[in-house]
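Colleague: turn this into a structure:
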Amino acid sequence: MIVSLTISLFWWEELIMNPLISVAFIIVAIGLASIRPSVGIARQPEAEGKIQGLLLLTLTFMEALTIYRLVVALTLLFANPFI
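Modeller: Predicted coordinates for the structure are as follows:
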């Protein structure tokens, strides 16, 4: 049980450390996060300004985290300070 748990944790670590896969996950999250506000705007058109403002703020933070994640992953990939 412990060996299989350790192997699965190492597999997950390799998946997270791959910069392309982690950025792909964030892109999917951004797509999913932009679906619900469009449904809210369709249901309540009078709240469009508030919903769009919150959506743009949320997407801005998600994009910033994506860029930071990519920079950290590429730094660890090419200039690994732990070696």
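Colleague: helices or strands next to the longest helix along the chain in the packing?
Modeller: The helix that spans the most residues within the chain, counting by DSSP state H, is helix 48-78. Other elements packing on helix 48-78 under the criterion 3 or more Cβ pairs under 8 Å, 6 or more residues apart in numbering; DSSP states H and E are helix 2-17, helix 19-33, helix 35-43. C-betas here are computed from N, CA, C, even on glycine.
Colleague: show me the shaky parts of this structure.
Modeller: Across the chain, the ranges flagged by pLDDT under 70 are 1-19, 80-83.
Colleague: list the buried residues for stretch 62-70?
Modeller: For stretch 62-70, a neighbour-count test (16 or more other Cβ atoms under 10 Å) marks 66, 69 as buried.
Colleague: list the contacts of it.
Modeller: 19, 22-23, 26-27, 29-30, 33 (Cβ atoms under 8 Å, 6 or more residues apart in numbering).
Colleague: again, 7 Å this time
Modeller: 19, 22-23, 26, 29-30, 33 (Cβ atoms under 7 Å, 6 or more residues apart in numbering).
Colleague: hmm, back to that, chain center to the longest helix of the chain, what's the gap?
Modeller: Computed by Cα atoms, centre = their mean, to the nearest Å, the chain-centroid distance of helix 48-78 equals 7 Å.
Colleague: likewise for stretch 32-40?
Modeller: Relative to its parent chain, stretch 32-40 has a centroid offset of 16 Å by Cα atoms, centre = their mean.
Colleague: list the buried residues of that stretch.
Modeller: 37, 40.
Colleague: okay then, goodbye and thanks.
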